[in-house]
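Colleague: What follows is a predicted structure for the sequence shown.
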Amino acid sequence: MRSELFRAKDIDAGYGRVQVLWGAGLAVNEAQTIVLLGVNGAGKTTLIKTIMGLIRQTRGSIQFNGADISHVRPDKRVRAGISYMSEMGCFPGLSIDENIRIGGLFMSPGDLRQRMNELYDIFPDIAQRKHALASSLSGGQRKMLGVAKALAGNPKLLIMDEPSAGLSPLFVQEVITVLARFRQAGLALLIAEQNVRFLALADHVVTMSGGRMGFSGTVQAMHDDDMLRKAYFDIKGKHGA
Ligand code: ATP
């Protein structure tokens, strides 16, 4: 049994007076991949930003690696080993090399150099163009750069907000393939998505709607549940890219 790495519990949060999350939460074990499914506006981004400390919860707690990080600054959460890849993924106005360096800002120069070499081996397309602006990359390559940037600091947990956003089905598959490689190596992943193709990576699925958590279980259990199967799988193309 894998031990628990992360838990957000009973989170209420929102924007000013607008409450968006109502008792939301989830847990991720060491080396486990959780897919957080929900349609537009379900509250996935708000939950992720709260987990990263970018939005302050008004209730609830967040634990990571045995410590309570509920009131820890965002940069310290990153230093502790949680990495966040937003929908945008990378900074288009910076070079590929600069983007990855920013992702590894907290590493010692020697460790960062070694990590960058490892990442450039894994992502040869972007390695060939280290000094080009990220804006010159294709959508799929930019997403790969986003993954490389998010992994530069050697995190224990990578949290991704809709990695499929703006990608063609071919690139969605490429992103899934590359994530599978890191998952296999023991990285814990929390992936917020609407695209059910990411369930191929999932050890566990949680759903969200209206700022509240719904189902929590395996992909197989989702298939076995009539309502969930109809909502997420039966209508061809509805949620798939
Ligand atoms: P999406 O895939 O569209 O990003 P989501 O599941 O990530 O959807 P959120 O972006 O967390 O959902 O949005 C949840 C709710 O919070 C929505 O009703 C949205 O309109 C609202 N919301 C998001 N950002 C803000 C904001 N800055 N101010 C006020 N309300 C917001």
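Modeller: Received, thanks. Numbers count the residues shown, from 1 in each chain.

Colleague: On the three-state scheme, the residue sitting nearest the centre point of the chain is what?
Modeller: By CA atoms, centre = their mean, the chain has its centre lying nearest to residue 160, at 1.6 Å. With DSSP: H, G, I helix; E, B strand; the rest coil as the basis, residue 160 sits in strand.

Colleague: measure it to residue 95 for me?
Modeller: Computed as CB to CB, to the nearest Å, the residue 160 to residue 95 distance reads 22 Å. (Glycine included, C-beta is placed from N, CA and C.)

Colleague: just checking, what packs against whichever helix in the chain runs longest?
Modeller: Across the chain, the longest stretch assigned as helix under DSSP state H is helix 169-184. Packed against helix 169-184, as judged by 3 or more CB pairs under 8 Å, 6 or more residues apart in numbering; DSSP states H and E, are the following elements: helix 139-151, strand 188-193.

Colleague: which of these has the lowest average pLDDT?
Modeller: Of all the helices and strands packed on helix 169-184, the minimum mean pLDDT falls on helix 139-151 (a mean of 92).

Colleague: That one: which residues count as buried?
Modeller: Residues 140-151 are the ones in helix 139-151 that count as buried (16 or more other CB atoms under 10 Å).

Colleague: Pull the contacting residues for residue 152.
Modeller: Neighbour list for residue 152: 100-104, 107, 112, 115-116, 119 [criterion: CB atoms under 8 Å, 6 or more residues apart in numbering].

Colleague: Please apply the same query to residue 163.
Modeller: Residue 163 neighbours (CB under 8 Å, 6+ apart): 85, 89, 143, 146-147, 175, 179, 191, 193, 198.

Colleague: separation between the closest residue in space to residue 180 that isn't next to it in sequence and the ligand?
Modeller: What sits nearest to residue 180 in space, not counting adjacent residues and going by CB to CB, 6 or more residues apart in numbering, is residue 201, at 6.1 Å. Separation of residue 201 from the ligand (CB to the nearest ligand atom, to the nearest Å) stands at 18 Å.
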